[in-house]
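Asks: Okay, sequence plus prediction incoming.
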Amino acid sequence: MQIDQNQGYARNCRKAISDLQINGGNDALIASRNHELTGYETKIAECEKALITIGPCPLVNCVKHHEINKVVEIAEHGQYKLSTNFTPQKTPKPTISPNLAKTNAMLAEFAENDRKLLEISYKTVSRKNAAKPLTEEIKTAIETSNKFQLLMDVEEEDIPTEPPKTFIPAINLKLTNDYNLTLQEISRNDPETTNKYDRGYIKITPSSLEDIEKIIDLSQ
């Protein structure tokens, strides 16, 4: 019967799942096997439901379900006589529900897919084609030098550094009757002093900050 076949399929499927889990099989294959096992269990449940609906096995001479009763019937053969007018009725053959037929087709498809997955998963690869472990290479840093760095250093050494210029404020001398004498005295004491006329004043520029006080004293 189908229920016995499905029970056998389910038992083999459980064993295959256990072997895959022990041997570290493919997760996709294990999931497919679990799905297939669920299909077998569903089919077994439907068969059991159908058997409950149908009742006992209608075949009197069935060697699987009525083997014990058969011995009793043989021992008591001829005990009961049938009337010649009695016509035995044929028991209707149980029909398979559409859902059960659909489940059978689905399980057959699962079995075919599992067979293909097994062929792919357990295909051995030769040593020549097997992937070799990759060793990580330690890359050394490449040192680069600037060819123009030496030239730049030489140019920087050749550039003269000028001292910062000190701002010296100018002194405005008011024009008076004796401003000529004052300018002569300033030039005699500090020959590098410059002076020029600027809008009614004589603009005197000393050569250093120290000479400013001397020029102010002479102009007073």
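Replies: That came through, no problem.

Asks: what's the helix or strand hosting Ala105 in contact with?
Replies: Per DSSP states H and E: Ala105 is located in helix 98-121. Residues from elsewhere that reach helix 98-121 (CB atoms under 8 Å, 6 or more residues apart in numbering): 9, 25-26, 28-29, 32-33, 35-36, 39-40, 42-43, 46-47, 50. From N, CA and C alone the C-beta is placed, and that goes for glycine too.

Asks: residue boundaries of the strands in this structure?
Replies: With DSSP state E as the criterion, the chain has strands at 171-174, 194-198, 201-205.

Asks: Please identify the most buried of those.
Replies: strand 201-205 (a mean of 18; mean count of other CB atoms under 10 Å).

Asks: The biggest helix by length in the chain versus helix 98-121: what angle between them?
Replies: With secondary structure taken from DSSP state H, the chain has its longest helix at helix 27-54. Using axes from the mean of the first three to the mean of the last three CA atoms, to 10 degrees, the direction of helix 27-54 lies 160 degrees away from that of helix 98-121.

Asks: Okay, now the unreliable bits of this structure?
Replies: 1, 55-98, 119-136, 145-164, 220 (pLDDT under 70).

Asks: the domain parsing of it - what is it?
Replies: 1-54, 171-218 (the TED database).

Asks: Adding distance to Ala111, write those out as JSON lines.
Replies: Formatted as JSON lines, these follow (distance: least, CB to CB, whole Å):
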{"stretch": "domain 1-54", "distance to Ala111": "7"}
{"stretch": "domain 171-218", "distance to Ala111": "109"}
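
Asks: tell me what the longest helix of the chain is packed against?
Replies: In terms of contacts (3 or more CB pairs under 8 Å, 6 or more residues apart in numbering; DSSP states H and E), helix 27-54 is packed against helix 2-22, helix 98-121.
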